[in-house]
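Enquirer: Model the structure of this input:
(one chain, ligands or ions: 1)
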Amino acid sequence: MDREFVTLFNIFDENQSWHLDHNIAELPEKRTALDRKDAGFVESNHKHTINGYLFGSMPMPTMKIGERVRWYLLGLGTEADLHTPHWHGNTVTVGGHRVDTVSLLPATSVVADMVPDDPGIWMFHCHVNDHITGGMTARYEVLEK
Ligand SMILES: [Cu+2]
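Expert: Coordinates of the predicted model:
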């Protein structure tokens with residue numbers, strides 16, 4: 001392999017955070033009376049992450065056209081952590097199949113091999129719709145040789 005990347009797909013439940021009380025106390029005064037049981041508030045604290053990053057903020061895995069790239073996809077979490085890592089722009093092989101999306105269950109891993117042939121900055125994200133809108137999106141970059 002020329003390059004290897006490890007990505008963890010996980011929904012962190014920050015309602016369970018030891019810092020929740022402190023973080024609420026830091027909010028502007030008008031919001032300190034918020035209802036911790038409010039469904040919208042509870043959902044807003046479910047952080048849909050790749051390597052702990054949200055909404056394309058993950059440092060970009062970067063590779064060159066023609067390199068042999070191995071992706072290690074890791075899943076953890078609960079029954080909500082049914083993820084479908086998906087690459088735009090290039091495909092991977094998994095178990096002899098050429099795909100652009102893989103299935104990833106909690107406490108499992110998948111190894112996907114890529115030889116990128118399409119340069120650019122591409123999206124890499126979970127394809128479950130509410131995980132996309134929850135922020136489980138990243139980018140990767142393929143450079144010309
Ligand atoms: Cu997902």
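Enquirer: So which residues on the protein come close to the ion?
Expert: By the rule CB under 5 Å from the ion, the part of the chain lying against the ion is 83, 126, 128, 131. Every C-beta, even on glycine, is put in place using the N, C-alpha and C of the backbone.
Enquirer: Let's see the ChimeraX selection covering just the buried ones among those.
Expert: What follows is the ChimeraX syntax selecting those of those that are buried according to 16 or more other CB atoms under 10 Å:
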select :83,126,128,131
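Enquirer: now, which of the residues of the chain next to the ion sits nearest residue 61?
Expert: Among these, residue 126 lies closest to residue 61 (CB to CB), at 15.6 Å.
Enquirer: Once you drop chain neighbours, what's closest to the closest one?
Expert: Counting by CB to CB, 6 or more residues apart in numbering, the nearest residue to residue 126 once its immediate chain neighbours are dropped is residue 136, at 4.1 Å.
Enquirer: Verify the stated contact: that neighbour with residue 7.
Expert: No - under the criterion of CB atoms under 8 Å, residue 136 lies out of contact with residue 7, with a separation of 10.5 Å.
Enquirer: Please say which of these two ends up with more neighbours.
Expert: Regarding residue 136 and residue 7, a neighbour count based on other CB atoms under 10 Å identifies residue 136 as having more, with 25 against 22.
Enquirer: Where does pLDDT dip in the protein?
Expert: Judged against pLDDT under 70, the low-scoring parts of the chain cover residues 29-33.
Enquirer: okay, now the domains of this protein?
Expert: In the assignment given by automatic domain parsing, the structural domains of the chain cover 3-12+48-143, 14-47.
Enquirer: Name the stretch among the ones you listed that sits most buried.
Expert: When those are scored by mean count of other CB atoms under 10 Å, the highest mean neighbour count falls to domain 3-12+48-143 (a mean of 17).
Enquirer: Which parts of this structure are helices?
Expert: With DSSP state H as the definition, the chain shows helices at residue ranges 20-25, 39-44, 129-133.
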